[in-house]
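Could you work out the structure for the sequence below:
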Amino acid sequence: MRSLHDCPAPAKLNLFLHVVGRRADGYHLLQSVFQLIDRGDTLHFDLRDDHEIVRTNEVPGVPQEQDLIVRALRLLQAEYVRRHGQLPPGIDVAIQKILPMGGGLGGGSSDAATALMAANHLWQAGLRREELMALGLPLGADIPFFLFGQTAFAEGVGEDLQAVPGPDCWYVVIEPGVAVPTPAIFSAQDLTRDTKPVRIADFSRDTNSGSLVGFGKNDLQDVAMRLFPPVAEAVEWLGSHGDARMTGSGACVFCAFPGEFAANQVLAQVPSKWTAWKAKSLERHPLNFFDKEIALANQ
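I've put the predicted structure just below:
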């Protein structure tokens, strides 16, 4: 196999996000539930006849050398050399980018995770899921989640993951038109950093009771709303239709609905100054080579 095309890199939503402390090295300790949704970027991979890793199209604002896709593939290339004693073939990567940067949807991390899964498969590198997660973590705390590939309760800096059942629902998501830089939020003096830790059972009980998202809150939201008024405006508008909240460190704002019809009704009313869309919750990542390989091995 020399090509893998139409590989999905789905977005995520943080159903809640609590900052429960801070490590000595300055990293914040978090609790969150990550939910995959059926909207995302699409990547295409083709093996080369040399050993170069090349992103074949431009991504505005992301130089090739800084792209998480390229950096992740170079880490996997180095690990391949360590294991197999030779370089794997190079890879051309083309990306159809629709997720906004600085939106809190994890787009760059999801792209990198999809690249790691695809290259691991094309190169027959043989890394297990957990090994890819460890490889990707230094590049971004969200990358392990996308490799984990299912709704997860996250702790630590976001890398300690346990599978949990998530709500079966539709979301309306508003892009307020601003990019929120994560460092600006986490360095704010008024950020709450001492939210009382919760248990997985608390979230699961709330979800099983029929609540779509109502558990907890996003501790980063108040800071983002103060620093970026368009985020506050989107939260206020969507909040008139349900429990609206920001995802991640911003800027996108979402609200859950029990069905597609209800989501469509709200989507039709979103002011035209914003980009808005609907998405369905996903139980598992649609690109799941690991499960397929396990199934084949058991045949």
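
Name the residue closest to the centre of the protein, please.
Nearest to the mean C-alpha position of the chain, counting by CA atoms, centre = their mean, stands Gly106 at 3.2 Å.

tell me the mean pLDDT for stretch 152-163?
Across stretch 152-163, pLDDT averages out at 92.

Please identify the buried residues of that stretch?
Ala152, Phe153, Ala154, Glu155, Val157, Gly158, Glu159, Leu161 (16 or more other CB atoms under 10 Å). C-beta coordinates here come from the backbone N, C-alpha and C atoms, glycine included.

wait, which of those is closest to Pro144?
Pro144 lies nearest to Glu159 out of these, by CB to CB, at 5.0 Å.

hang on, isn't the residue nearest to the centre of the chain packed against Cys252?
No - using CB atoms under 8 Å, Gly106 is not in contact with Cys252, being 10.4 Å away.

Okay, the residue nearest to the centre of the chain and Ser204: tell me how far apart.
22 Å (CB to CB, to the nearest Å).

With Val198 instead?
Noted for Val198: a distance of 11 Å to Ser204, by CB to CB.

and if you look at Gly140?
Here the criterion is CB to CB. By it, Gly140 lies 27 Å from Ser204.

who has more neighbours, those two?
More crowded of Gly140 and Ser204, by other CB atoms under 10 Å: Gly140, with 21 against 16.

any idea which helix or strand carries the residue nearest to that one when sequence neighbours are not counted?
Nearest residue to Gly140 in three dimensions, chain neighbours excluded: Ser109, at 4.6 Å (CB to CB, 6 or more residues apart in numbering). Following DSSP states H and E, one finds Ser109 within helix 107-122.

which residues are contacting the helix or strand just after that helix?
Using DSSP H and E, the helix or strand that follows helix 107-122 in sequence is helix 129-136. Residues outside helix 129-136 that contact it (CB atoms under 8 Å, 6 or more residues apart in numbering) are 72, 75-76, 79, 112-113, 116-117, 120, 127, 143-144, 147-149, 159, 290.

If we use 6 Å, what do you get?
Helix 129-136 is contacted from outside by Ala72, Leu75, Leu116, Ile143, Pro144, Leu147, Phe290, using CB atoms under 6 Å, 6 or more residues apart in numbering.

now swap in stretch 159-169 and tell me
35, 137, 141, 144, 148, 150-154, 204, 207, 212, 256, 258, 281.
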